[in-house]
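Peer 1: Have a look at this fold, sequence not included:
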């Protein structure tokens, strides 16, 4: 898993790459983590996730690359909706 780490104003945002390296858009791999695929999805534990002023620690993430939905704790979904000015 790779991520784009910005040391400046990042207009393109970040991304996750599965199964390879995207050296054009991502810094070098800092740390490989174990992935559990027993349930058909790729699951891993993130040390922390931050979106705006919300930070969650030791979060289990399930990457279902065949899904179009977004699943997260209610407070994170509410925060994203608020920032995007979305109604219920």
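Peer 2: Looks like it came in fine. From a predicted model like this one, the values you see are computed outputs, not experimental measurements. Numbers count the residues shown, from 1 in each chain.
Peer 1: Let me see the domain layout of this structure.
Peer 2: 1-32, 42-83 (automatic domain parsing).
Peer 1: Check the ones you listed for me: which has the lowest mean pLDDT.
Peer 2: Lowest mean pLDDT of those: domain 1-32, a mean of 60.
Peer 1: what ranges do the strands span in this structure?
Peer 2: Under the criterion DSSP state E, strands of the chain are mapped to 42-51, 54-63.
Peer 1: tell me what the first one is packed against?
Peer 2: Using 3 or more C-beta pairs under 8 Å, 6 or more residues apart in numbering; DSSP states H and E, the elements in contact with strand 42-51 are strand 54-63, helix 74-83. C-betas here are computed from N, CA, C, even on glycine.
Peer 1: Of all those, which one is nearest residue 21?
Peer 2: Counting by C-beta to C-beta, residue 21 lies closest to strand 54-63 out of the helices and strands packed on strand 42-51; the figure is 17.2 Å.
Peer 1: Walk me through which strands that closest one pairs with, and which way each runs.
Peer 2: Using DSSP bridges, strand 54-63 pairs in its sheet with strand 42-51 (antiparallel).
Peer 1: Please identify the buried residues of the strand it pairs with?
Peer 2: If you call a residue buried by 16 or more other C-beta atoms under 10 Å, then strand 42-51 has these buried ones: residue 43.
Peer 1: Show residues contacting it.
Peer 2: Contacting residues not belonging to strand 42-51 are listed as 1, 18, 33-37, 55-63, 65, 76, 79-80 [C-beta atoms under 8 Å, 6 or more residues apart in numbering].
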